[in-house]
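>>> What follows is a predicted protein model with its sequence.
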Amino acid sequence: MDAVLELSGNVGTEVETKVTRGGWPTASFRVACTPRQRRGGEWGDAETIWLTVTCFRGLAENVASSVSKGDPVLVNGRLRLSSWEDEHGERRERLVLEATTVGPDLTRGTSTFRRSERPVVEDETDEAYRELILSVEQEPEPAAAVAG
């Protein structure tokens, strides 16, 4: 079962982009979430929670060209545990939000949406049929049979 999470916060780092070994684009950034709490009759900031957000494929490309440090964002995704060994051989772990959607927090500003252009992918089968049709159309007409 996935732990699905929705968060609202500010982008705390510049977006870092990479390409996976399989050739897919990735993007990651940190989000700061600072909840407001009422203490002694006064409102104040609670402790800031930092979370790493990762994005893949088309979402990664769109995030890289749309999101900047300081932007208020809304992020939906699945919570994952990332683990690795540091340079001293010690095991390290970090919670990462694998984003399914990222967008501006419109309660804190305005935005203009621009649809991404998707590349047209031709089906190889279509190309094979196209070549076959062209070759048939370019063949000379057979000579008419002479009736005797």
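Now that the structure is in, tell me what you want to look at.

>>> Residue 33 against residue 53, yeah?
No. If you go by C-beta atoms under 8 Å, residue 33 and residue 53 don't touch, sitting 11.2 Å apart. Where C-beta positions appear, they are placed from N, C-alpha and C, glycine not excepted.

>>> Name the spans of this protein whose pLDDT lies under the cut-off.
Scanning the chain for pLDDT under 70 picks out 118-130, 132-148.

>>> Repeat the analysis, applying 80 as the threshold.
Confidence mapping of the chain against pLDDT under 80 gives the ranges 117-148.

>>> And the strands in it?
In the chain, the strands defined using DSSP state E lie at 4-11, 16-19, 25-33, 36-39, 42-45, 49-56, 72-85, 91-104.

>>> who are the neighbours in contact with the residue nearest in space to the middle of the chain?
Taking C-alpha atoms, centre = their mean as the criterion, residue 59 is the residue nearest the geometric centre of the chain, at 1.9 Å. Neighbouring residues of residue 59 by C-beta atoms under 8 Å, 6 or more residues apart in numbering: 27, 99-102.
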